[in-house]
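Q: Just to be clear, the model below is a prediction. Sequence and coordinates:
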Amino acid sequence: MRKFGLIGYPLGHSFSKAYFTEKFATEKINDCSYDNFPLTTIDQLPDLIKSDPYLCGLNVTIPYKSEVIRYVHLLDNEAARIGSVNVLKIKRVKDKIKLLGYNSDITGISDSLRQFIEQGRLKNALVLGTGGSSKSVQYVLKKYGVNFTLISRKRDGDILSYPDIDSGVMKGADLIINTTPLGMFPEINGKPDIDYNLLGEKHILFDLVYNPEITAFLRSGRERGCSIVTGLEMLHSQAEKAWEIWNSDRF
């Protein structure tokens with residue numbers, strides 16, 4: 001039995017176990033299982049891996065996408081450039097264990113935004129948040145030549161704070177991406193502190209939060225005529241990429 005799972009904390013918001021459990025059942029993959037492993041600290045990771053010799057792959061979510069790198073023996077080039085890992089492949093050779101780190105968020109973000117990129121609608125973006133998921137978003141935007149401004153709680157150099165987002169900043173943005181956990185279950189009424197009255201039909205809102213699928217952030221944008229992209233679309237894409245990584249001969 002090959003075992004896979006998700007590490008992060010907390011994990012009450014996650015759909016990954018349900019997604020892979022359904023996938024295994026639908027595709028009649030009978031030799032695999034998927035479980036949640038809520039780690040209160042990333043330092044618990046080595047013991048988790050040593051405790052089960054059948055564990056061969058893990059997804060990584062908040063807040064460990066950057067912290068987990070210190071336990072990775074070999075990093076995929078894109079994950080290394082970004083400084084964020086959300087997929088671990090566990091290689092066991094005799095009594096030695098090696099962790100290989102990848103980032104499937106890149107695929108999920110690219111697939112979610114592809115239609116707008118192909119339509120030529122993305123010129124300028126606001127990226128809300130500067131954590132591990134934000135790094136993946138920044139990488140994809142750079143790849144496709146989309147200019148972006150980072151927004152954080154505190155202003156720092158080129159990084160703006162939320163009070164800095166005035167009508168001019170909002171007017172100049174085609175895309176606004178929430179990479180923070182604001183609005184995630186169970187705090188479903190939370191949303192980034194921007195002036196939603198400044199939104200209109202030209203704006204595209206993308207939320208990396210996927211539980212609930214329509215967050216308060218996306219709902220506020222949709223009410224004002226914005227195009228919206230849910231985090232669930234990204235989840236499905238990056239999950240399939242993770243499955244491909246776990247089953248490939250890479251590294």
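A: Structure received.

Q: all strands for the stretch 1-150 of the chain, in order.
A: Taking DSSP state E, counting those that start in this stretch, the strands of the stretch 1-150 of the chain run over residues 2-8, 32-38, 55-60, 74-75, 87-93, 96-102, 124-128, 147-152.

Q: partners of the fourth one, with directions?
A: Think strand 74-75. strand 96-102 (parallel) (DSSP bridges).

Q: which outside residues touch the partner strand?
A: By C-beta atoms under 8 Å, 6 or more residues apart in numbering, the surrounding residues in contact with strand 96-102 are 49-50, 68-69, 71-76, 78-79, 85-92, 242, 245, 250-251. C-beta here means a position set from N, CA and C on the backbone, and glycine is covered the same way.

Q: Mark which of those are buried, thanks.
A: Among the contacts of strand 96-102, the ones that count as buried by 16 or more other C-beta atoms under 10 Å are 49, 68-69, 71-72, 75-76, 78-79, 85-90, 242, 245.

Q: So Leu88 is in contact with Val72, correct?
A: Yes - Leu88 is within contact range of Val72, at 7.2 Å (criterion: C-beta atoms under 8 Å).

Q: on that earlier part again, among the buried ones among the contacts of strand 96-102, which are located in helices?
A: The helices, defined by DSSP state H, take in 49, 78-79, 242, 245 from these.

Q: Turn these into TSV, including pLDDT and distance to Thr215.
A: Shown next, in TSV, are those (pLDDT from 0 to 100; distance: C-beta to C-beta, whole Å):
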residue	pLDDT	distance to Thr215
Ile49	97	33
Glu78	94	27
Ala79	95	27
Ala242	97	23
Ile245	97	28
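
Q: Can you pull out the low-pLDDT segments for this structure?
A: 250-251 (pLDDT under 70).

Q: Give the full set of residues in contact with Ser152.
A: Contact analysis of Ser152 by C-beta under 8 Å, 6+ apart lists 129-130, 159-161.

Q: what's the distance between Pro38 and Arg222?
A: Remark: distance between Pro38 and Arg222 (C-beta to C-beta, to the nearest Å) = 32 Å.

Q: what residues go with each domain of the chain?
A: For the chain, the structural domains run 2-103, 105-234, going by automatic domain parsing.

Q: gap between the two ends of stretch 206-219?
A: 11 Å (C-alpha to C-alpha, to the nearest Å).

Q: So what's the gap between it and the chain middle?
A: How far stretch 206-219 lies from its chain's middle: 13 Å, per C-alpha atoms, centre = their mean, to the nearest Å.

Q: Give me the buried stretch members for it, please.
A: 206-212, 215-219.

Q: In helices, which of these appear?
A: 216-219.

Q: Going along the chain, name the helices of the stretch 151-251 of the chain.
A: Along the stretch 151-251 of the chain, counting by DSSP state H, counting those that start in this stretch, helices occupy 167-172, 216-222, 231-246.

Q: Now do the last one: which elements does it pack against?
A: In terms of contacts (3 or more C-beta pairs under 8 Å, 6 or more residues apart in numbering; DSSP states H and E), helix 231-246 is packed against helix 16-26, strand 55-60, strand 87-93, helix 105-118.

Q: which residues does Val229 contact?
A: Contacts of Val229 by C-beta under 8 Å, 6+ apart are 112-113, 204-207.

Q: Appreciated, that's everything.
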